[in-house]
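Undergrad: My questions concern the predicted model and sequence given below.
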Amino acid sequence: MQQMEKRAGRRLVAGIPALWLAVFFLIPFLIVLKISFSEAQLAIPPYAPLLNWVHGLPVPRIHWSSYAYLFTNPLYLRSYLYSIMVAAVSTLFCLFIGYPMAYAIARAGEAWRSFLLMLIVLPFWTSFLLRVYAWIGLLQNDGLINYVLLHVGLIHHPVTLLQTDFSLYVGIVYSYLPFMILPLYANLEKHDPALLEAAADLGARPFTIFLRVTLPQSLPGIAAGSLLVFIPVVGEYVIPTLLGRTDQIMIGRMLSDEFFDNRDWPVASGVAILILLLLVVPIVLLQRVERRELEGETVEVATVEAET
Amino acid sequence: MRRTGLFSRTTLVLGLVFLYVPIVSMIVYSFNNSRLVTVWDAAHSPTLKWYGVLFSDGEVLDAALLSLRVAICAATAATILGTLAGTALARFGPFRGRSLLVGMTTAPIVMPEVISGLSLLLLFVALEQAIGWPRGMGALTITLAHISFCMAYVTVVIQSRLAGFDESLEEAAQDLGARPAKVFWRITLPLILPAVLAGWLLAFTLSWDDLVISQFVAGPGSSTLPMVIFSKVRLGVSPDVNALATLMVSVVASGVVVATLWMRHRQRRRERDAQLAAAANL
């Protein structure tokens, strides 16, 4: 009796959020997929229906026009490749800056550690948009950075920093750095210092210890952090709009422009599907990394319990 | 050892400077009388002029009110749904559809916002056509959209908190004959209450800050605060936005400091109680 009640209760607890996500996360993607195979037309909503009723029978009408348009227009291909490059380069920058930071926090004393972590997380709680906006004030021609450089005498005329690749990377690295640091820290903090001591006792130099002991152990953290940066940056909209180049736009902006300015819903949906195709592999990888981290912990716990 | 320590520590300090310079610059310039960012008008600064401008801007105030309403509703609903999902994932062991639920709760976190926004708008349009609900775009559609991506974050917070507790307390209560619902209310929920609160605050912040998804699912006349800020800053720097940023940063910073102190206080009290209990047992 109680067993049945328990099963019904569990079904409800897991079922309600699953139902919600199915309606508001899964089904919307199917609709995007459907509309990407439609054709724009002047109507409300502005796309052609996929089913035509002929003599009471549904006849599907699949249009490839939005994909044909996307693949033959070099503008889209360029913007697609540009987004991948920006995401990859930003991920590398985040890694090279974030790894030493996470390492220093993980090696800091107990009291310092929570304070430093709070400093890393704090910007995350304040408005993303406002933090990106702050860089306009710093980077513009009469902004703080040019002002300082002019006064120090490093330059004699203001340098254009805003709306360049430089300002775009600054904005992205600045916004996504915590996403790299946190999983790296979670990984580095678990390392056993005894391993490092053993390596040092055996005469390994610090850099060798890092390369042979620390780095291999932190690969799951590197993977998680890199994917957490790469995936959202590919479709980033706010940073490139405020800080990026005007002559080369990223694919997220492309989607938004197609939708809002050209009101071409099928093409916008097609862009969304192409971004998703690009991101399917990284997203699956991320889930695998995270699952392995979780299962790794339970395996460890199980072995410890078995030993005691 | 020494050298790697020095290098990583230097990077840490420079990285923190990099993270905080923009925020500090906004705070400083919010008190500047001049419209230009670089010109510090020493004769008339510091001034509260831009705060006055901000509070007499009806558009900003309306938007802030809408954002507050949306964020409170979305965070509350997302916390309830996320707590259910987190409990299911952390406590139910393997069940059918588990990996689907895992996928649906982690994917929204990394999904590019333009895609989430577009897909939700297309859903709402299709729903309105099919069943006449929701009627047009506005506060309701923004709230529904926010619940979906906020609950993914809450799920992760709750799940990792529950993973940190073993099930022995819950099992003990069950062995003593408590029904599952009672076990949840009397044992599980009090244990994860800090995580539930943290999840709510995180969801509130995410909803309050969201620009891209709102832009897709908002109708005419329902602009959230980030939408108003975005349209202002697209035209260049406007000093009243600095004032707004300063207000938001001070609220968040004091909130985080208070929360940290409270957690430390709780921790100390728990340790003292444990010591007292140990002493009493002796």
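TA: Happy to help now that I have it. Numbers count the residues shown, from 1 in each chain, chains lettered A, B, ... in the order given.

Undergrad: The residue positioned nearest the centre of chain B and chain A: what is the separation?
TA: Residue closest to the average C-alpha location in chain B (C-alpha atoms, centre = their mean): B:Leu202, at 2.4 Å. Going from B:Leu202 to chain A by C-beta to the nearest C-beta, to the nearest Å gives 8 Å. For every residue, glycine as well, the C-beta is placed using N, CA and C.

Undergrad: low-confidence ranges in the chain?
TA: Since no chain was named, I'll use chain A. Within chain A, the ranges that satisfy pLDDT under 70 run A:1-2, A:42-44, A:50-54, A:57-59, A:294-308.

Undergrad: meant chain B actually
TA: In chain B, residues with pLDDT under 70: B:1-4, B:37-38, B:282.

Undergrad: which residue ranges form the helices in it?
TA: When secondary structure is read from DSSP state H, chain B shows helices at B:2-29, B:49-55, B:58-91, B:98-110, B:113-131, B:139-163, B:168-175, B:180-183, B:189-209, B:212-217, B:225-233, B:239-281.

Undergrad: Backbone torsions only: list them for the closest residue to chain A within chain B.
TA: Closest approach between chain B and chain A, counting by C-beta to the nearest C-beta: B:Pro112, at 2.3 Å. Reported as degrees, to the nearest 10, the phi and psi values for B:Pro112 are phi -50, psi 140.

Undergrad: neighbours of it, just the number please.
TA: Counted by other C-beta atoms under 10 Å in any protein chain shown, the residues lying close to B:Pro112 total 24.

Undergrad: quick one, what contacts it?
TA: Shown in contact with B:Pro112 (C-beta atoms under 8 Å, 6 or more residues apart in numbering or on different chains): A:Ile231, A:Pro232, A:Val234, A:Gly235, A:Glu236, A:Tyr237, A:Gly252, A:Ile275, A:Leu279.

Undergrad: Try it again at 6 Å.
TA: By C-beta atoms under 6 Å, 6 or more residues apart in numbering or on different chains, the contact set of B:Pro112 is A:Pro232, A:Gly235, A:Gly252.

Undergrad: what kind of secondary structure is the nearest residue to A:Ala200 once chain neighbours are set aside in?
TA: With sequence-adjacent residues excluded and distances taken as C-beta to C-beta, 6 or more residues apart in numbering or on different chains, A:Ala200 is closest to A:Ile209, at 6.4 Å. What DSSP: H, G, I helix; E, B strand; the rest coil gives for A:Ile209 is helix.

Undergrad: A:Ile209 contacts A:Ala199, correct?
TA: Yes. At 4.6 Å, A:Ile209 counts as touching A:Ala199 under the criterion of C-beta atoms under 6 Å.

Undergrad: what are the phi and psi angles of A:Tyr47?
TA: phi -150, psi 160.

Undergrad: actually B:Leu176, not the one I wrote
TA: Main-chain torsions, B:Leu176, degrees, to the nearest 10: phi -80, psi 0.

Undergrad: for B:Phe92, same thing?
TA: For B:Phe92, the backbone dihedrals (degrees, to the nearest 10) come out as phi -90, psi 0.

Undergrad: and the stretch 201-308 of chain A, which residues reach chain B?
TA: For the stretch 201-308 of chain A, the residues in contact with chain B (C-beta under 6 Å from any C-beta of the partner chain) are A:Pro206, A:Phe210, A:Ile231, A:Pro232, A:Gly235, A:Tyr237, A:Gly252, A:Leu255, A:Ser256, A:Ala272, A:Gln287.

Undergrad: Which parts of the helix or strand that contains the fourth one count as buried, going by neighbours?
TA: Going back to what we said before, that points to A:Pro232. Take DSSP states H and E as the rule and A:Pro232 turns out to sit in helix A:219-234. For helix A:219-234, the neighbour count (16 or more other C-beta atoms under 10 Å in any protein chain shown) marks A:220-234 as buried.
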